[in-house]
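> just coords:
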Ligand SMILES: Cc1cc2nc3c(=O)[nH]c(=O)nc-3n(C[C@H](O)[C@H](O)[C@H](O)COP(=O)(O)O)c2cc1C
């Protein structure tokens, strides 16, 4: 099977997953599928690389929902989760299980680390050069495995039933400096920001993915400071020690 024909399906609200996907597929001509927007149902005939972030030790539901549009037909998939140096818990098992249910054979899997998209001082600057080199090596090793026709599936850590999805306690705030350009509304992966009122957020839809905060040119969106301070303190206690990528092949 030709490695240049991979599909790279990525849910990356703030860019960490995108960096890992780009490193894994370095030098390959892949077709990108952006899971931050709705996608059409498709029968996949080539290896599928699925890269998603970890939220509360799980895969964001919207990413799984969109991935379900890609049907496997017994073909190979590579399951990759990216987390902010705390823990990935059940997320890799959840992604593996979903891809298998969609008709793929999960021939390789990995967990990589990127800057924490809520508390940006945690794992700041990751993925760094060594992470990207490991991701590129992983991509080459998977391509070599597939080139031999080897389709054995991998086992990954995690527990069932999965841990509960955490409830999102708040939505990002909008400062008075907002000029209502609507960029956040256009780019919100779940349509939680109305185009007609971009200074507001629909709390019933928001998944706190931080994309609106990351993409605002005026820095008019931010988390409520007390919440950010509380999370920073908690993560400083449990997520300061740098974790290493884990690879299953
Ligand atoms: C709502 C939310 C929950 C998160 N939960 C976890 C977690 O359980 N463990 C962890 O290590 N990182 C967690 N993170 C950090 C992200 O997994 C990490 O920053 C990832 O790289 C984000 O991907 P992106 O940059 O492509 O958006 C969380 C981030 C968000 C926004």
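That came in fine, so what should we check first? The structure presented is a predicted model; accordingly, all values stated were derived computationally and were not measured.

> residues contacting residue 181?
Contact analysis of residue 181 by CB atoms under 8 Å, 6 or more residues apart in numbering lists 198, 217. C-beta here means a position set from N, CA and C on the backbone, and glycine is covered the same way.

> ranges for the strands of the protein?
Using DSSP state E, the strands found in the chain span residues 7-10, 31-34, 42-43, 48-53, 70-71, 76-83, 105-113, 173-174, 221-222, 246-248.

> can you list these in a markdown table and add mean neighbour count and mean pLDDT?
Putting the strands of the chain into a markdown table (neighbours: other CB atoms under 10 Å; pLDDT from 0 to 100) gives the following:
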| stretch | mean neighbour count | mean pLDDT |
| --- | --- | --- |
| strand 7-10 | 22 | 98 |
| strand 31-34 | 16 | 98 |
| strand 42-43 | 10 | 97 |
| strand 48-53 | 27 | 99 |
| strand 70-71 | 18 | 98 |
| strand 76-83 | 28 | 99 |
| strand 105-113 | 24 | 98 |
| strand 173-174 | 18 | 97 |
| strand 221-222 | 20 | 98 |
| strand 246-248 | 18 | 98 |
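
> just put those strands in CSV and tack on distance to the ligand.
What follows is these, written out as CSV (distance: least, CB to the nearest ligand atom, whole Å):
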stretch, distance to the ligand
strand 7-10, 8
strand 31-34, 11
strand 42-43, 22
strand 48-53, 3
strand 70-71, 18
strand 76-83, 4
strand 105-113, 8
strand 173-174, 16
strand 221-222, 13
strand 246-248, 13
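
> want to throw those into TSV with distance to residue 201?
TSV is the format used below for the strands of the chain (distance: least, CB to CB, whole Å):
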stretch	distance to residue 201
strand 7-10	24
strand 31-34	22
strand 42-43	31
strand 48-53	19
strand 70-71	29
strand 76-83	24
strand 105-113	28
strand 173-174	8
strand 221-222	9
strand 246-248	35
